[in-house]
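1. Quick check, what structure comes out for this input:
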Amino acid sequence: MGTALPHIAGRRAIQAAIAALAGLGLLLWWLLSMGGPPSPGGKVTLATGVPTGVYARYGELLKQDLARDLPEVDLRLTRSEGSIDNLRQLVAGRAKFTIATADAVATYQRRGEPGADRLRACARLYDDYMHLVVPKNSAVRSTKDLRRLRVGVGADGSGVQLITKQLLEAAGLDFDKDIEPVRVGIDEMPALLERGKLDAFFWSGGLPTAALQHLVDRYPVRLVQLGDLSPALHRQGERTRYYRAAVMPADAYPKAQDGQAVKTIAVANLLVTTDREDAALTEGITRTVIKSRDWIGRQVHAAQKVDLRTAVFTDPLALHRGARRYYVSVKP
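-> Numbers count the residues shown, from 1 in each chain. Presented below is the predicted three-dimensional model:
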């Protein structure tokens, strides 16, 4: 009897292996008969920005593309005051995805705000360019000239206000003492400038921003260069390392630039979610973001900068596992 036991054990192991293979075969048959794993679905909220900003328009166009690629997903768009507000909506569960500038994400992490450790990236999108807008006949030629003036600085919780504070510091100005800060967004600043309620305003957005285009078409304004602040800005250390010197091309807002390129500061935008988001949904949305670049880019020119080769550079955030799965699948 003792010599038969190994043979019995061997037969049982073979039978178990056959049963496992049969089960696997049944599972594969089921998946194939169902057309593969179930497609992501349900309500998904994307926090964007103010209605007249690039975030909002980009979100509207992305929603159209997702309706084709992920028909079971019902994408809802919600407005916000900007990047910091977007991140707060995300970790509070009021949004599943959002757009935020890299410096805003880093600031959110540095402050230790709720859920900062749960943030993950899907893609690097396009760069935001910093604008300083004044009436055409204004005496303002640099940021230093804003002393004692009424300046639109973006709404509280916006990336605009975050960068504005750094730029003013680089220019030797105190945000609260040396200017009169008017805390409103791009949906209000152009009209306030036209009515003489503002002397200047800052805006951070993709090129071109529709609200600024409309202002340029109806009211004489000028863009003030910010390139002279780059050295002092980067001397501020870690908190400004996400800013880079950039040039606004002459055809961004031709009437406001008199055919001249304008030196400025730029910062990358990221598509952000949390580590708790479904991998299949995140993979699908990331795929659509990359695939839709050309189509969306014809209407939102900034989106032309979305590129598979640079999309994975999402510092200071790690990629979400679903987004990483997409990039691995398309790697040459």
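2. what are the ranges of the helices in the stretch 101-250 of the chain?
-> When assigned using DSSP state H, counting those that start in this stretch, the helices of the stretch 101-250 of the chain occupy the ranges 102-110, 159-170, 189-194, 210-218, 230-234.
3. In TSV, list those along with distance to residue 142, mean pLDDT and mean neighbour count.
-> Every residue, glycine included, has its C-beta placed from N, CA and C. Listed next are the helices of the stretch 101-250 of the chain as TSV, based on distance: least, CB to CB, whole Å; pLDDT from 0 to 100; neighbours: other CB atoms under 10 Å:
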stretch	distance to residue 142	mean pLDDT	mean neighbour count
helix 102-110	22	96	22
helix 159-170	11	95	24
helix 189-194	18	97	20
helix 210-218	20	94	17
helix 230-234	12	92	16
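4. quick one: which of the ones you listed is nearest residue 43?
-> If you check each of the helices of the stretch 101-250 of the chain against residue 43 by CB to CB, helix 102-110 wins as the nearest, at 24.8 Å.
5. Now do that closest one: distance to the chain's middle.
-> Chain-centre distance of helix 102-110: 12 Å, with CA atoms, centre = their mean, to the nearest Å.
6. Please list the residues outside that helix that contact it.
-> By CB atoms under 8 Å, 6 or more residues apart in numbering, the surrounding residues in contact with helix 102-110 are 82-84, 87, 100, 116-117, 119, 159, 162-163, 239-240, 242-243, 267-270, 272, 314-317.
7. let's go with 7 Å and repeat that
-> Outside helix 102-110, the residues that touch it by CB atoms under 7 Å, 6 or more residues apart in numbering are 83-84, 87, 116, 119, 159, 162-163, 239, 242-243, 267-268, 270, 272, 315-317.
8. could I get the helices of the stretch 101-250 of the chain as CSV with distance to residue 66?
-> Below are the helices of the stretch 101-250 of the chain laid out as CSV (distance: least, CB to CB, whole Å):
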stretch, distance to residue 66
helix 102-110, 23
helix 159-170, 24
helix 189-194, 30
helix 210-218, 22
helix 230-234, 37
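9. which one of those helices lies closest to residue 258?
-> For the helices of the stretch 101-250 of the chain, the distance to residue 258 is smallest for helix 210-218, at 11.6 Å, taking CB to CB.
10. which residues are contacting that closest one?
-> Contacts for helix 210-218 (CB under 7 Å, 6+ apart): 52-53, 57, 131, 133, 186-187, 190, 203, 221, 253, 255-256.
11. Tell me which residue lies nearest the centroid of the chain.
-> When CA atoms, centre = their mean is applied to the chain, the residue found nearest the centroid is residue 99 (3.1 Å).
12. got the contact list for residue 248?
-> 129, 207, 223, 261-262, 264.
13. Out of the residues you listed, which comes closest to residue 169?
-> Nearest to residue 169 among those is residue 264, at 16.7 Å by CB to CB.
14. now that closest one, nearest residue through space, not along the chain?
-> Nearest non-adjacent residue to residue 264, counting by CB to CB, 6 or more residues apart in numbering: residue 226, 4.6 Å away.
15. Please apply the same query to residue 306.
-> In space, residue 306 is closest to residue 293, 4.4 Å off (CB to CB, 6+ apart).
16. is it true that the one you found touches residue 303?
-> Yes. Residue 293 is within contact range of residue 303, at 6.0 Å (criterion: CB atoms under 7 Å).
17. between these two, which one's more packed in?
-> Legend: neighbour count by other CB atoms under 10 Å for residue 293 and residue 303, higher for residue 303 (23 against 18).
18. Quick check: phi and psi at that one.
-> phi -70, psi -20 (degrees, to the nearest 10).
19. any idea how far the residue nearest to residue 306 lies from residue 301?
-> Distance of residue 293 to residue 301, given as CB to CB, to the nearest Å: 11 Å.
20. roughly how far apart are residue 149 and residue 199?
-> 4 Å.
21. Show me which of those two is the more surrounded one.
-> Neighbour tally, residue 149 and residue 199, criterion other CB under 10 Å: the higher count belongs to residue 199, 22 against 16.
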